[in-house]
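>>> Sequence and predicted structure, then a few things I'm wondering about:
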Amino acid sequence: MRVGVPLSRNAGILVFLVCMTYLTALNVNRYMTCLECWGVDVTNIIMIALTKITAFAFCCQDGTLPESQRNKSALRTIPSLLEYLDYVYFFPAILIGPFYDFSDYTAMTNRSPAPALPKAKMLVLMIQALGFFSLIVITENFFGYSHGYVLTQEFALLPVYQKMAIILTFGNYYAKSRYYGGLKAVELAVICSGLSYDDQKQDYSRITISDIKKVEFNHNPKEIANVWNFSIALWLKTYVYERAQTTLGKKQSATPMLLTFLTSALWHGVHPGTSPIIC
């Protein structure tokens with residue numbers, strides 16, 4: 001369906017504000033009703049859906065600009081409702097991502113024939129995902145560690161050096177293994193679906209999830225934030241920071257950066273310890 005009804009020049013911003021307000025309201029309700037709930041709930045799906053919905057709105061808005069001002073992600077036609085819902089709720093990426101533009105999704109759905117899958121890379125990702133999930137099981141069942149242990153009286157009575165050793169070993173890698181395992185499983189899923197295939201490079205590098213090696217061995221905090229979750233970092237950069245710069249002017253650097261940090265904080269939630277996180 002072609003764009004017949006002119007869109008507001010601020011359509012992207014309006015959709016962004018509505019979506020962020022809704023997600024924040026859900027996070028506040030979760031905090032008020034279940035402070036100690038850290039499991040998967042509806043906000044996980046809403047977080048990922050928000051990145052796609054806001055990006056879609058900005059791309060539709062860009063499609064109304066003159067041809068010379070459009071970027072490669074601008075939508076020149078508005079897709080059907082089925083295509084839109086298929087993009088937002090694509091099953092392999094519905095729970096923990098990754099984020100991708102509508103143009104990335106249509107590149108997959110319009111591709112024929114399907115490219116050969118990289119079986120060696122898929123095997124490595126499967127082993128990595130199972131390995132990280134296994135670390136969680138081993139830590140809980142053989143060493144008896146869980147996040148709740150640090151709140152027990154037994155932990156409180158330990159010497160400081162033992163507390164630090166437990167937190168820096170079990171605590172650090174126990175927490176990360178859940179994310180690493182999930183991210184590798186998602187990376188495997190988007191490869192199997194063909195979503196990460198790059199037609200120009202003829203490889204599966206269009207969508208990258210995370211670089212664990214750089215996260216663990218990098219000394220630059222900014223670089224760590226960028227490689228921890230590539231797709232969300234891309235969304236924050238493209239649809240928050242750069243859009244804020246465009247709206248406020250290139251000379252404004254501090255304000256767009258502050259808005260990006262605030263967006264990332266609210267996107268992650270309002271529980272203590274999660275809001276300061278920046279992807």
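Okay, I see it. Numbers count the residues shown, from 1 in each chain.
>>> alpha carbons only for contacts and neighbour counts from here, please
Noted.
>>> Show me what the helix or strand containing Asn27 is packed up against.
Element membership of Asn27, judged by DSSP states H and E, is helix 11-33. Taking 3 or more Cα pairs under 8 Å, 6 or more residues apart in numbering; DSSP states H and E as contact, the helices and strands that helix 11-33 lies on are helix 42-62, helix 254-268.
>>> can you rerun that using 6 Å?
helix 42-62 (3 or more Cα pairs under 6 Å, 6 or more residues apart in numbering; DSSP states H and E).
>>> how about the helices in this structure?
In the chain, helices defined by DSSP state H lie at 11-33, 42-62, 81-88, 102-109, 119-141, 153-156, 160-166, 172-193, 212-217, 221-228, 230-236, 242-248, 254-268, listed in chain order.
>>> Neighbours of Ser103, how many?
If you count neighbours by other Cα atoms under 10 Å, Ser103 ends up with 16.
>>> nope, Gln202 is what I meant
Other residues near Gln202 come to 10 when the count uses other Cα under 10 Å.
>>> any idea how far Ser196 is from it?
Per Cα to Cα, to the nearest Å, Gln202 is found 11 Å from Ser196.
>>> Pick the most deeply packed of the helices of the chain.
Neighbour counts (mean count of other Cα atoms under 10 Å) averaged over each of those peak at helix 42-62, with a mean of 22.
>>> how far is that helix from where the chain is centred?
Helix 42-62 has its C-alpha centroid displaced from the chain centroid by 11 Å (Cα atoms, centre = their mean, to the nearest Å).
>>> Remind me what that helix packs against, helices and strands.
helix 11-33.
>>> quick one, the helix it packs on and helix 254-268 angle?
50 degrees (axes from the mean of the first three to the mean of the last three Cα atoms, to 10 degrees).
>>> what mean pLDDT does helix 11-33 have?
Taken as a whole, helix 11-33 has an average pLDDT of 89.
>>> Send me the helix holding Asn27 as PDB with only the CA atoms.
Extracted C-alpha coordinates of helix 11-33, given in PDB (Å, rounded to 0.1, in the frame of the first residue of the first chain):
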ATOM      1  CA  ALA A  11       5.500  10.900  13.700                       C
ATOM      2  CA  GLY A  12       8.600   9.100  14.800                       C
ATOM      3  CA  ILE A  13       9.000  11.200  17.900                       C
ATOM      4  CA  LEU A  14       5.300  10.800  18.900                       C
ATOM      5  CA  VAL A  15       5.500   7.000  18.500                       C
ATOM      6  CA  PHE A  16       8.700   6.900  20.400                       C
ATOM      7  CA  LEU A  17       7.300   8.900  23.300                       C
ATOM      8  CA  VAL A  18       4.100   6.800  23.500                       C
ATOM      9  CA  CYS A  19       6.100   3.500  23.400                       C
ATOM     10  CA  MET A  20       8.600   4.600  26.100                       C
ATOM     11  CA  THR A  21       5.800   5.900  28.300                       C
ATOM     12  CA  TYR A  22       4.000   2.500  28.000                       C
ATOM     13  CA  LEU A  23       7.100   0.500  28.700                       C
ATOM     14  CA  THR A  24       8.100   2.700  31.700                       C
ATOM     15  CA  ALA A  25       4.500   2.300  33.100                       C
ATOM     16  CA  LEU A  26       4.900  -1.500  32.900                       C
ATOM     17  CA  ASN A  27       8.300  -1.400  34.600                       C
ATOM     18  CA  VAL A  28       7.000   0.800  37.400                       C
ATOM     19  CA  ASN A  29       4.000  -1.500  37.900                       C
ATOM     20  CA  ARG A  30       6.400  -4.500  38.000                       C
ATOM     21  CA  TYR A  31       8.600  -2.700  40.600                       C
ATOM     22  CA  MET A  32       5.700  -1.800  42.800                       C
ATOM     23  CA  THR A  33       4.000  -5.200  42.700                       C
END
